[in-house]
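Undergrad: next input, structure requested:
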Amino acid sequence: MIYAEIEFINGDDLAFARRYIIGEEEIRRMKATALVDTGSYMLFINENIQEQLQLPFLEKRKGQMADGSIKEYEVVGPVELKFKNRRTVINAMVLPGNN
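TA: Here you go, the predicted model:
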């Protein structure tokens, strides 16, 4: 298993800051150690991260977990991920609680 220190940033806040609607200090962001799964095609975050970043709900989508179970999850976003000198913008499925 590989873990990495990732910075999660509210993508909408970044867009508002670029347009000078909000200040840089108002951008909601947080750092967390995250499990890296190279076989996953979707980012999963927990409810605590979603609440702290206040990412808006986009849709519901079914996802298959590593144990083979299929469940429906909320999709939120956009969220920008920063790892060292790399960054990307993606939507995320939300796992319940602090998973």
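Undergrad: need the next SSE after the lengthiest strand in the chain, C-terminal direction.
TA: Longest strand of the chain, by residue count under DSSP state E: strand 70-83. Proceeding N to C from strand 70-83, the next assigned helix or strand is strand 86-95, under DSSP states H and E.
Undergrad: buried sites along that next one?
TA: Judged by neighbour count using 16 or more other C-beta atoms under 10 Å, the buried positions of strand 86-95 are 91, 92, 93, 94, 95. Bear in mind the C-beta positions are built from the backbone N, C-alpha and C, glycine included.
Undergrad: check stretch 1-10 too.
TA: Within stretch 1-10, the residues scored as buried using 16+ other C-beta under 10 Å are 6, 8, 9, 10.
Undergrad: relative to residue 34, which of those residues is nearest.
TA: Taking C-beta to C-beta as the measure, residue 34 sits nearest to residue 6 out of those, at 4.7 Å.
Undergrad: in contact with the closest residue to that closest one other than its chain neighbours, which residues?
TA: Ranked by C-beta to C-beta, 6 or more residues apart in numbering and with sequence neighbours excluded, the top spatial neighbour of residue 6 is residue 34, at 4.7 Å. Shown in contact with residue 34 (C-beta atoms under 8 Å, 6 or more residues apart in numbering): 3, 4, 5, 6.
Undergrad: list the buried ones in the longest strand of the chain?
TA: Of all the residues in strand 70-83, those buried under the rule 16+ other C-beta under 10 Å are 73, 74, 75, 76, 77, 78, 79, 80, 81.
Undergrad: likewise stretch 25-33?
TA: Those would be 27, 28, for stretch 25-33 by 16+ other C-beta under 10 Å.
Undergrad: for that stretch, which outside residues touch it?
TA: With C-beta under 8 Å, 6+ apart, stretch 25-33 has contacts from 3-10, 13-14, 17, 49, 52-54.
Undergrad: right, I'll call it a day here.
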